[in-house]
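Engineer: Build me a model from this:
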Amino acid sequence: MSFQITPFIMLNGQAEEAIDFYETALGAKTLFKQTYGEAPDASGDTLPPGLRSRLAHSVLKIGEADLFVADSLETTASADRNETVQVCITTPDAETTRRFFDALSEGGQTVFPLQQVHFSEAYGMVKDRFGVTFHLFTQRRQ
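Structural biologist: Residues are numbered from 1 along each chain as shown. A predicted model of the protein is given here:
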């Protein structure tokens, strides 16, 4: 069984600027970008205009490695800077995603309940008992 672990940088409205910087500084290639307002499930339609334009997800390729960069929906200047770097675990099936989500939730806190979303059969976010935030993502079957 194969898993992928990817660093996930969450920023407060600076994702586009960070991507430009990583493209120049690290030679990153942007493979994918989507704002909250561009989500196919139209969940971005209920957000204020300033938040709809924030970057919901991007995938950068740096050499052979992936880096995810996005903006949180947090708009206060007091956003927890310890949340800037998070971890995304990609699994091959929803059962494994559920198992990891449940295990990391023990003594931790659910940030986004595990559920089907437009980009994954099972996706959720959990902060483990050590304060590390994990995105758990089931790879889309091709």
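
Engineer: What about Thr35, how many residues nearby?
Structural biologist: When neighbours are defined as other Cβ atoms under 10 Å, Thr35 has 20 of them. C-beta: built from backbone N, CA, C; applies to glycine.

Engineer: OK, contacts around it?
Structural biologist: Going by Cβ atoms under 8 Å, 6 or more residues apart in numbering, Thr35 touches 44, 52-56.

Engineer: Could you tell me which of those belong to helices?
Structural biologist: Those of these mapping onto helices are Arg52, per DSSP state H.

Engineer: Out of the contacts of Thr35, show me where the pLDDT dips lowest.
Structural biologist: Minimum pLDDT for these is recorded at Gly44 (52).

Engineer: so how far is the first residue of stretch 56-72 from its last?
Structural biologist: One end of stretch 56-72 to the other measures 7 Å (Cα to Cα, to the nearest Å).

Engineer: Ok, stretch 91-110 next?
Structural biologist: Termini of stretch 91-110 sit 18 Å apart (Cα to Cα).

Engineer: Would you mark the buried spots in that stretch?
Structural biologist: Neighbour counts over stretch 91-110 (16 or more other Cβ atoms under 10 Å) mark 91, 94, 96-98, 100-101, 104-105, 108 as buried.

Engineer: Looking at these, which are in helices?
Structural biologist: 94, 96-98, 100-101, 104-105.

Engineer: What are the boundaries of the strands in the protein?
Structural biologist: 4-11, 29-35, 55-62, 65-71, 85-91, 109-117, 120-127, 133-138 (DSSP state E).

Engineer: number of nearby residues for the nearest residue to Lys29 once chain neighbours are set aside?
Structural biologist: Leaving aside its chain neighbours, Lys29 sits nearest to Lys61 (4.7 Å; criterion: Cβ to Cβ, 6 or more residues apart in numbering). Neighbour count for Lys61, taken as other Cβ under 10 Å: 14.

Engineer: about what we covered before: tell me the one of the contacts of Thr35 nearest Ala28?
Structural biologist: Ala28 has its nearest neighbour among the contacts of Thr35 in Leu55, at 14.3 Å by Cβ to Cβ.

Engineer: Now the closest one. Nearest residue, chain neighbours left out?
Structural biologist: Ala15 (3.9 Å).
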